[in-house]
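# sequence plus the predicted model coming up.
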Amino acid sequence: MTLREITQNAGANVAAVSYHFGSLKALCDVAIEHALEHYLDAQIRELDALTGTATLSELAEAFARPMMSALTAGGRDLAVIRTVARVGIDPPEGWDRLAGKFEQARRQAVRILAAHLPGTDEHELVFRVRCAAGMLNWLAVAPIGAELAAEPAERVERMLVPVVTGAFRGTP
């Protein structure tokens, strides 16, 4: 797709977009970064709503809910999250500004994990959270994500939450 096609569909002026973003790549980077920020904000809101007595299953559900929503919404929502997931494999430089949001989501998840897994060091808890995030990211880009998109939301939750819970729990 060209910058001209994008601006034409958006009813925007090519010169104005070029002035503000500089290039098609820069425009795409900003759009993807915005989508990631929206995803992280949703995940943080879900994790914020948990109490200190939340179960691992409740943690997994809150952590995975933004991805489950994108998967079950399908269409544009899924296409956007798939693009974010692909770019996330080798993130652009601008994503450094989102490090605080990644850290906030991890910190919230680790807080609940630590209550359920006493004696597990923080480094391992962070590793589990990052692995769970990686699994969700993979769902967006793998064929199984498209299969899940065809399922009702309740079934997606029933199938996915135990898997994320298991990633958090690990082995005793």
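Sure thing, it's come through. Computed from a predicted structure; not experimentally measured. Residues are numbered from 1 along each chain as shown.
# can we go C-alpha only for contacts and neighbour counts from here?
Will do.
# give the burial count for A54, as a bare number.
16 (other Cα atoms under 10 Å).
# remind me what the longest helix anywhere in the chain packs against, helices and strands.
The helix that spans the most residues within the chain, counting by DSSP state H, is helix 24-48. Where contact means 3 or more Cα pairs under 8 Å, 6 or more residues apart in numbering; DSSP states H and E, helix 24-48 is packed against helix 14-21, helix 56-73, helix 75-88, helix 99-116.
# just the buried positions in that helix, please.
Of the residues in helix 24-48, those buried by neighbour count under the rule 16 or more other Cα atoms under 10 Å are 24, 27, 29-30, 32-33, 35-37, 39-44, 46-47.
# isn't L3 right up against A15?
No - with contact taken as Cα atoms under 8 Å, L3 and A15 are classed as non-touching, separated by 10.0 Å.
# of those two, who's got more company?
Between L3 and A15, counted using other Cα under 10 Å, the more crowded position is L3 (17 against 12).
# so T120, which state does it fall into?
When the structure is split into helix, strand and coil by DSSP: H, G, I helix; E, B strand; the rest coil, T120 lands in coil.
# just give the nearest non-adjacent residue to it, would you?
With sequence-adjacent residues excluded and distances taken as Cα to Cα, 6 or more residues apart in numbering, T120 is closest to A114, at 7.1 Å.
# let me know whether the one you found touches V126 as I believe.
No - taking Cα under 8 Å as the definition, A114 is not a contact partner of V126, at 10.1 Å.
# who's more crowded, these two?
Counting neighbours by other Cα under 10 Å for A114 and for V126 shows that V126 has the greater number, 18 against 14.
# could you identify the helix or strand that succeeds the helix or strand the more buried one falls within?
Assigned by DSSP states H and E, V126 belongs to helix 122-141. For helix 122-141, the succeeding helix or strand toward the C-terminus, using DSSP H and E, is helix 143-149.
# gap between the residue positioned nearest the centre of the chain and I32?
When the chain is reduced to its mean C-alpha position, the nearest residue by Cα atoms, centre = their mean turns out to be Y39, at 5.2 Å. Taking Cα to Cα, to the nearest Å as the measure, Y39 and I32 are separated by 11 Å.
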